[in-house]
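Participant: Sequence unavailable; structure follows:
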Ligand code: ADP
């Protein structure tokens, strides 16, 4: 047999230690190829007891097909051409005659061959099996790895190698742990779950955290299948789901923010399978409709019952239409809040979903509580309309009456407005429309409170403190009132069947104006809540403003009336002595003229002329005042006659010329051909003189021009000066009573001339207008129709 002389044998103890080495097979073979020692652990696998094999030639136990290779390998070792062999594989015979594959690691020492073997039958069988399947596994895009029972890598396809970044065959034979990215504690837990599933069902599916060769972690969807339950070979198919996970995470985030938006935005979400009774609501929708979480019955009928009866038909018609046309819809309707029984407004939107055959399978939508917006809109509408009513006229009793009626239709059952007069008296000026007997009681009732009222009273408290009194349940204040007021009075109030009240003070800029009381009766369709205080106060703010303006207007009207009355009386009273004075002046002038040579006479005559001028001026002022009062009383008289206009104008200019010249103004005129007009010659003269006087007063001593133009149907007389002109904004105003565009210090005047002149021209069916350019002068134009 083969002998190796180079090494010495092991000591008996070393031999024993080797044999007991904890591996499946250990054997010592003599140089002549006989089994010298074998370990006892091999017995259960191979069936031999050591004593049955010891001393027998090795050839008895090796498969004939493998014997040549086995012998060759042993020869190499004994002859020293090989120092050691590992991974040498042959089939060894079991006692029952069958063979098992054994992988050997062997070495010679002291002429003996020391060999350690591992039973690799399973592995070899799988490898054999895989040889046929490898083609298939290599062609699939998912990564496939096959582990043996100890989770050693028996096979991995190229897709998996690529996935984990390993070179071809690099990971073969390694532990599954090279792919693991879990921390120990997590791995323990996950492994136990996986093993349990494999033991019970032979399969486990889930997500697995992996580690690439370069340490990068990534998630895969994993499917582990126990291929041979007895041999525990595990086939693991892995699919990279990193991207999917990212998308999922994004979707989750989106879903989360959507969910949040739905929650924060208080969006109710619903779903309904048309034709069925199956309605699903989210919690927000339950809240909107007043259901406790999870208590909505989930039926179409329950849903319909929550809809305000008047809106049901319209809602279902809208839904039907949407289903028919496959369109989405949005609809505002009222619902009955199931907890409070109050009516709320909801905006409901819906969408239809169809399957690929076009059959309607589902409807989904949202509902939002829009009560506050609706109410705010309604409140704004009430305020806008109230403002409009209040601005209709300065007759405040009329407008307040109309407003109270409007308020009683849109805000409450009724209201009263109590006006506080400057003398402290409180007058109930408005009681909104009510049945007569209640109306009477309410009118009478206010007598029971006034500023000198000794006891607390809601209206008085509001008036004095300015604090709005909101009484949401009137019945609660009766006993309090009884303690302070006569029982008759409270009985009377109580008999009005009042339920609620809001009392707001009316206040002007500097003074108190009164109190408004808004009220509802028991069983009313109106119901005050705390928030209605705002609307009540806003209404009263507008009432105060309007009332104050009306009162101011009324006061100014009264003042104007008083002034006109005074002017009328004063001018009449002044006219008589003035006429006497003028007559006296004329007489004195005549007498003085009788002594033309006397120096005193000349002096006296100058003084009388000066006095006459002033008398003429005063006369004109008083005439203006009288005319103004006549115009106001529509008593300005016009006596028309035919006269030739150009000659008339020429005469007036001739008379006026000296006056103009006295202030340094030249008078130029351009008259037309003779034309007869039918007019009040004195009044037309009054107008022309007035315009010339103004040209003299405001014309800055510059030339004044008078032109007359004839047209087929009218004539125009124009007076132009080169004074400072009139501001555009003042042009309309200067034709009104007492309106002036200069300060009284600059040029004196009453501001009546143009007013009277325009009235005169209008009474002639003509007109008086002005064209003016600042800094350049003004042209006043009298127009008269011909043959009126
Ligand atoms: P009075 O001259 O007494 O003020 P009028 O009614 O005649 O009253 O005129 C009203 C106002 O119109 C005058 O106060 C003046 O401001 C303006 N006005 C009238 N005529 C002229 C004018 N020719 N040029 C500039 N302003 C004028």
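Facilitator: The structure has been received and is ready for your questions. These numbers come from a predicted model, not from an experiment.

Participant: Show me which positions of the host helix or strand of residue 617 end up buried.
Facilitator: Per DSSP states H and E: residue 617 is located in helix 599-632. Applying a neighbour-count criterion of 16 or more other C-beta atoms under 10 Å, one finds 601, 604-605, 608, 611-612, 615, 619-632 buried in helix 599-632. Quick note: C-beta positions are derived from backbone N, CA and C, even for glycine.

Participant: Please apply the same query to stretch 736-754.
Facilitator: 737, 740-742, 749-754.

Participant: Show me which pair in those is furthest apart.
Facilitator: 737 and 742 (16.1 Å; C-beta to C-beta).

Participant: With the ligand as the reference, measure out to residue 537.
Facilitator: Noted for residue 537: a distance of 46 Å to the ligand, by C-beta to the nearest ligand atom, to the nearest Å.

Participant: hang on, that residue in a strand?
Facilitator: No. Inclusion of residue 537 in a strand is not indicated when DSSP: H, G, I helix; E, B strand; the rest coil is applied; the result is helix.

Participant: Surely it and residue 503 touch.
Facilitator: No. Counting by C-beta atoms under 8 Å, residue 537 stays clear of residue 503, with 10.7 Å between them.

Participant: any residues in contact with both of those two?
Facilitator: By C-beta atoms under 8 Å, 6 or more residues apart in numbering, residue 537 and residue 503 have these common neighbours: residue 468.

Participant: Contacts only, for the residue of the chain found nearest the ligand.
Facilitator: In the chain, the residue that lies nearest the ligand is residue 749 (2.2 Å; C-beta to the nearest ligand atom). Neighbouring residues of residue 749 by C-beta under 8 Å, 6+ apart: 697, 740, 742.

Participant: how about 7 Å then?
Facilitator: residue 740 (C-beta atoms under 7 Å, 6 or more residues apart in numbering).

Participant: And it, what's its pLDDT?
Facilitator: Note on residue 749: pLDDT of 85.

Participant: Name the nearest residue to residue 466, sequence neighbours excluded.
Facilitator: residue 505 (5.1 Å; C-beta to C-beta, 6 or more residues apart in numbering).

Participant: Toward the C-terminus, what is the element adjacent to the helix or strand that contains that neighbour?
Facilitator: Residue 505 is part of strand 498-507 when elements are defined by DSSP H and E. Downstream of strand 498-507, the first helix or strand assigned by DSSP H and E is strand 512-521.

Participant: ok, residue 568 - how many residues close by?
Facilitator: Neighbour count of residue 568, defined by other C-beta atoms under 10 Å: 17.

Participant: again, but for residue 281
Facilitator: Neighbourhood size, residue 281 [other C-beta under 10 Å]: 23.

Participant: packing partners for whatever helix or strand residue 126 lives in?
Facilitator: Element membership of residue 126, judged by DSSP H and E, is helix 121-139. If you count contacts as 3 or more C-beta pairs under 7 Å, 6 or more residues apart in numbering; DSSP states H and E, helix 121-139 packs onto strand 99-109, strand 153-156.

Participant: contact partners of that helix?
Facilitator: Here helix 121-139 makes contact (C-beta under 7 Å, 6+ apart) with 100-101, 144, 148, 154-155, 157-158, 231, 233.

Participant: before we move on, the earlier item: now, of the helices and strands packed on helix 121-139, which is deepest in the fold?
Facilitator: strand 153-156 (a mean of 21; mean count of other C-beta atoms under 10 Å).

Participant: So what touches it?
Facilitator: In contact with strand 153-156 (C-beta under 7 Å, 6+ apart) are residues 123, 126, 130, 144-148, 171-174, 176.

Participant: Now, of those, which are buried?
Facilitator: Using 16+ other C-beta under 10 Å, the buried ones in those are 123, 126, 130, 144-148, 171, 176.

Participant: Make CSV from the residues you listed and add distance to the ligand and pLDDT to it.
Facilitator: Formatted as CSV, the buried ones among the contacts of strand 153-156 follow (distance: C-beta to the nearest ligand atom, whole Å; pLDDT from 0 to 100):
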residue, distance to the ligand, pLDDT
123, 123, 77
126, 120, 73
130, 118, 69
144, 107, 89
145, 108, 89
146, 113, 86
147, 112, 86
148, 118, 82
171, 109, 85
176, 109, 88
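
Participant: So which of those residues is the closest to residue 787?
Facilitator: Out of the buried ones among the contacts of strand 153-156, the member with the shortest distance to residue 787 (by C-beta to C-beta) is residue 144, at 118.8 Å.

Participant: Quick check: beta-bridge partners of the closest one?
Facilitator: Beta-bridge partners recorded for residue 144 (DSSP bridges): residue 237.

Participant: Let me know the closest of the buried residues of stretch 736-754 to residue 260.
Facilitator: The shortest approach to residue 260 among these belongs to residue 741, at 67.5 Å (C-beta to C-beta).

Participant: circling back: looking at the contacts of helix 121-139, which one is closest to residue 88?
Facilitator: Distance to residue 88 across these (C-beta to C-beta) is lowest for residue 101, with 11.3 Å.

Participant: Please name the residues that touch that closest one.
Facilitator: 89, 91, 120-121, 124.

Participant: do that again at 10 Å, thanks
Facilitator: 63, 66, 89-92, 117-125, 127 (C-beta atoms under 10 Å, 6 or more residues apart in numbering).

Participant: Around the ligand, which positions in the chain sit nearby?
Facilitator: With the criterion set to C-beta under 6 Å from any ligand atom, the chain comes near the ligand through 694-695, 698, 721, 723, 726, 734, 740-742, 749-755, 778.

Participant: In helices, which of the residues you listed appear?
Facilitator: 694-695, 698, 753-755 (DSSP state H).

Participant: And the strands in the stretch 1-150 of the chain?
Facilitator: For the stretch 1-150 of the chain, the strands defined by DSSP state E, counting those that start in this stretch occupy 25-29, 35-38, 84-93, 99-109, 112-119, 143-147.

Participant: returning to that earlier point: need the ones in helices among the residues of the chain next to the ligand in JSON lines (columns: distance to residue 291).
Facilitator: What follows is those, written out as JSON lines (distance: C-beta to C-beta, whole Å):
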{"residue": "694", "distance to residue 291": "83"}
{"residue": "695", "distance to residue 291": "86"}
{"residue": "698", "distance to residue 291": "82"}
{"residue": "753", "distance to residue 291": "80"}
{"residue": "754", "distance to residue 291": "76"}
{"residue": "755", "distance to residue 291": "74"}
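
Participant: For those residues, give me a markdown table that also has pLDDT.
Facilitator: Output for these, formatted as a markdown table (pLDDT from 0 to 100):
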| residue | pLDDT |
| --- | --- |
| 694 | 94 |
| 695 | 95 |
| 698 | 93 |
| 753 | 93 |
| 754 | 95 |
| 755 | 94 |
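
Participant: Nearest to residue 550, out of those residues: which one, please.
Facilitator: The closest of those, once distances to residue 550 are taken by C-beta to C-beta, is residue 755, at 26.4 Å.

Participant: And for that closest one, the neighbour number?
Facilitator: 21.

Participant: Next one: residue 788, what pLDDT does it get?
Facilitator: 59.

Participant: sorry, that was for residue 431
Facilitator: pLDDT at residue 431 comes out at 87.

Participant: Could you do the one 3 residues further on as well?
Facilitator: At residue 434, the predicted lDDT confidence score is 77.

Participant: Next, give phi and psi for it.
Facilitator: With angles defined as degrees, to the nearest 10, residue 434 sits at phi -150, psi 170.

Participant: Which strand residues bridge the nearest residue to it once chain neighbours are set aside?
Facilitator: In space, residue 434 comes closest to residue 414 once its chain neighbours are excluded; the distance is 5.3 Å by C-beta to C-beta, 6+ apart. For residue 414, the beta-bridge partners are residue 519 (DSSP bridges).

Participant: Might you report the residue contacts of the residue nearest to the spatial centre of the chain?
Facilitator: The centre of the chain sits closest to residue 373, judged by C-alpha atoms, centre = their mean, with a distance of 10.1 Å. By C-beta under 10 Å, 6+ apart, the contact list for residue 373 reads 332, 345, 347.

Participant: Right, I'll call it a day here.
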